[in-house]
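Chemist: Need coordinates for the following:
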Amino acid sequence: PMSEYAARTRPTDGLPDDPWLRTHVRAGGHIVGIAPTSMLVAGSLAQWRHWTGLPFDADGPVIVPGALAPVHASLAHDHAVYAEPNVWVHHPLA
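Modeler: Model (predicted):
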């Protein structure tokens, strides 16, 4: 889960394990929350096959290379949905 991922820190300096989050923290930001469905992409199984080149031939989660989360497929509904999480970082204004 993104909440666990974002909470990971390096033992050497306590900064976030993720390089992008670490950049934000070094720039003065602090993690304020997780948006579990920051971006939703829904489509038919045919669309997902076209977009990814994957078969989408079974119900349940489908791992798409490069995606942050699995795509959830339903054969009965001819539909699949990707819900991408995100991390909110607050940067104070001077």
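Chemist: just for this protein, where's the confidence low?
Modeler: Of all residues in the chain, none has pLDDT under 70.
Chemist: show me where it has strands.
Modeler: In the chain, the strands defined using DSSP state E lie at 30-43, 60-62, 71-74, 79-90.
Chemist: Any chance of those in JSON lines with distance to Asp13 as columns?
Modeler: (Each C-beta comes from the backbone N, C-alpha and C, glycine too.) Putting the strands of the chain into JSON lines (distance: least, C-beta to C-beta, whole Å) gives the following:
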{"stretch": "strand 30-43", "distance to Asp13": "15"}
{"stretch": "strand 60-62", "distance to Asp13": "34"}
{"stretch": "strand 71-74", "distance to Asp13": "35"}
{"stretch": "strand 79-90", "distance to Asp13": "18"}
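Chemist: and Thr12, which of these is closest to it?
Modeler: For Thr12, the closest of those is strand 30-43, at 18.7 Å, according to C-beta to C-beta.
Chemist: Would you mind writing the CA trace of the closest one as CSV?
Modeler: Extracted C-alpha coordinates of strand 30-43, given in CSV (Å, rounded to 0.1, in the frame of the first residue of the first chain):
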residue,chain,number,x,y,z
HIS,A,30,6.6,17.2,4.6
ILE,A,31,4.3,14.4,3.7
VAL,A,32,0.7,15.2,4.8
GLY,A,33,-1.3,12.3,3.4
ILE,A,34,-2.1,9.7,0.8
ALA,A,35,-4.6,10.0,-2.0
PRO,A,36,-5.4,6.3,-2.7
THR,A,37,-7.3,7.1,-5.9
SER,A,38,-5.5,10.1,-7.2
MET,A,39,-6.1,9.0,-10.8
LEU,A,40,-8.6,6.6,-12.2
VAL,A,41,-8.5,5.1,-15.7
ALA,A,42,-11.4,2.9,-16.7
GLY,A,43,-12.0,1.1,-19.9
